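Novice: Compute the structure for the input listed below.
(one chain, ligands or ions: 1)
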Amino acid sequence: MHKSCRGCSVCNGYGCRGEVPGMGGKGQALTFINNFKSWNEIEVDISGVDLPLLGIAPMTGVGQNMGNVYPESVFHNYMVSGAKKAGIMPCIGDGTPDFKLQSGIKALKDNNITGTAFIKPYPNNIILERFKMVEPYVDIMGVDIDSYRIPTMEGLVSLEQKSEEQLLELKEACNKRFIVKGIQSQNDLELMIKVKPDIVVVSNHGGRVFDNGEGIAYRFKELIPELKKIANEVWVDGGLRTISHLKKAKALGAYRVLIGRPLIKATAVFKEDGVPYWLKQLK
Ligand SMILES: Cc1cc2nc3c(=O)[nH]c(=O)nc-3n(C[C@H](O)[C@H](O)[C@H](O)COP(=O)(O)O)c2cc1C
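Specialist: Residues are numbered from 1 along each chain as shown. Below is the predicted model:
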């Protein structure tokens, strides 16, 4: 992965600055960098706090983003089997062409494990078709609402900023627990108060959608009191790398933390043992 992931000893956003497509954050990657910094800086009492539940963040586009380290389907299979071995939640993402989503579905099926699926914010009729595709293989499904302006999909498909009505239509059609990822602002909070998903993920897409955003730990601390009133579970991702980061997230109220890029790196090197390896070295 030398052309995409530089294998930095700490995955903090500097090594792959601006590389989207790639493994980095958009522009100067300040959102990615601020995410990592915010978990270091934020002051939270973690004495006596356990680790939160963990999951693999949804990540697709091996060819586009990860230097073709493995074919998409092989990569997803390693990630999902790694999650199964490590006992953490596998999440699958979405993208274009369709084989990105299909590879994630196949990995869940082949490993005989259920997970969570995040569909991109396409027009609702496409999302509803995709819900049908993933439904047999997941316990939780929904959408991310922040990738409508992600550079990797610009000009390829039409993605849109979701309205209250559109999200309510998706929630109504969802036969599993309904999840919404990409909550980061007061506007998003107001939208969630109206939609009331079962689960929300506070996330800025790992800094891949816009530059110079505030670190996610600060957004999380501000939003979680209200989010907890409307959702059964609040998850978070972005820049969480150490035991102390994970405990801070839990102490602030996270039910589950999703880990992104470090698990790609570990999987690229150790295949299906990558996710368990990363967790072992973390502890
Ligand atoms: C290469 C790559 C591909 C991604 N693909 C998706 C995706 O398909 N769907 C999605 O909701 N998020 C996607 N994300 C965002 C992650 O789910 C997650 O929000 C972010 O990477 C977490 O930050 P971290 O990598 O700093 O841990 C992707 C991130 C990366 C790095």
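
Novice: quick one: Trp235 is in a strand?
Specialist: Yes: the assignment for Trp235 by DSSP: H, G, I helix; E, B strand; the rest coil puts it in a strand.

Novice: Single out the residue in the stretch 51-200 of the chain that lies closest to the ligand.
Specialist: Gly93 (2.5 Å; CB to the nearest ligand atom). To be clear about C-beta, it is placed using only N, CA and C from the backbone, and glycine gets the same treatment.

Novice: That residue contacts Lys100, correct?
Specialist: Yes: at 7.1 Å, Gly93 counts as touching Lys100 under the criterion of CB atoms under 8 Å.

Novice: what touches both of the two?
Specialist: Thr60 (CB atoms under 8 Å, 6 or more residues apart in numbering).

Novice: who are the neighbours in contact with the residue of the stretch 151-283 of the chain found nearest the ligand?
Specialist: Here the stretch 151-283 of the chain gets closest to the ligand at one residue, Gly260, 2.4 Å apart by CB to the nearest ligand atom. Residues near Gly260 by CB under 8 Å, 6+ apart: Ile56, Ala57, Met59, Gly206, Asp237, Gly238.

Novice: okay, now Ala217: neighbour count?
Specialist: 27 (other CB atoms under 10 Å).

Novice: so who does it touch?
Specialist: Ala217 makes contact with Asn35, Ser38, Trp39, Glu41, Ile42, Gly239, Lys248, Ala249, Leu252, according to CB under 8 Å, 6+ apart.

Novice: likewise Val134?
Specialist: By CB under 8 Å, 6+ apart, the neighbours of Val134 are Ile92, Leu101, Ile105, Ala117, Ile119, Met141.

Novice: Ser158 now?
Specialist: Contacts of Ser158 by CB under 8 Å, 6+ apart are Tyr122, Pro123.

Novice: Then the one 4 residues further on?
Specialist: With CB under 8 Å, 6+ apart as the criterion, the residues that contact Lys162 are Pro121, Val143, Ile145, Tyr148, Leu191.

Novice: for Asn65, same thing?
Specialist: Applying CB under 8 Å, 6+ apart, the residues near Asn65 are Ser4, Val20, Pro21, Gly22, Met23, Met59, Thr152.

Novice: same thing with Pro21?
Specialist: Contacts here follow CB under 8 Å, 6+ apart; on that basis Pro21 touches Gly61, Gln64, Asn65, Pro151, Thr152.

Novice: so the second one sits right up against Pro151, yeah?
Specialist: No: counting by CB under 8 Å, Gln64 sits too far from Pro151 to count as a contact (10.4 Å).

Novice: Tell me which of the two has more neighbours.
Specialist: Taking other CB under 10 Å, Gln64 and Pro151 do not tie; Gln64 has more neighbours (18 against 14).

Novice: wait, does the helix or strand containing that one make contact with the ligand?
Specialist: Taking DSSP states H and E as the criterion, Gln64 maps to helix 62-65. Yes: Helix 62-65 reaches the ligand (CB under 6 Å from any ligand atom) through Asn65.
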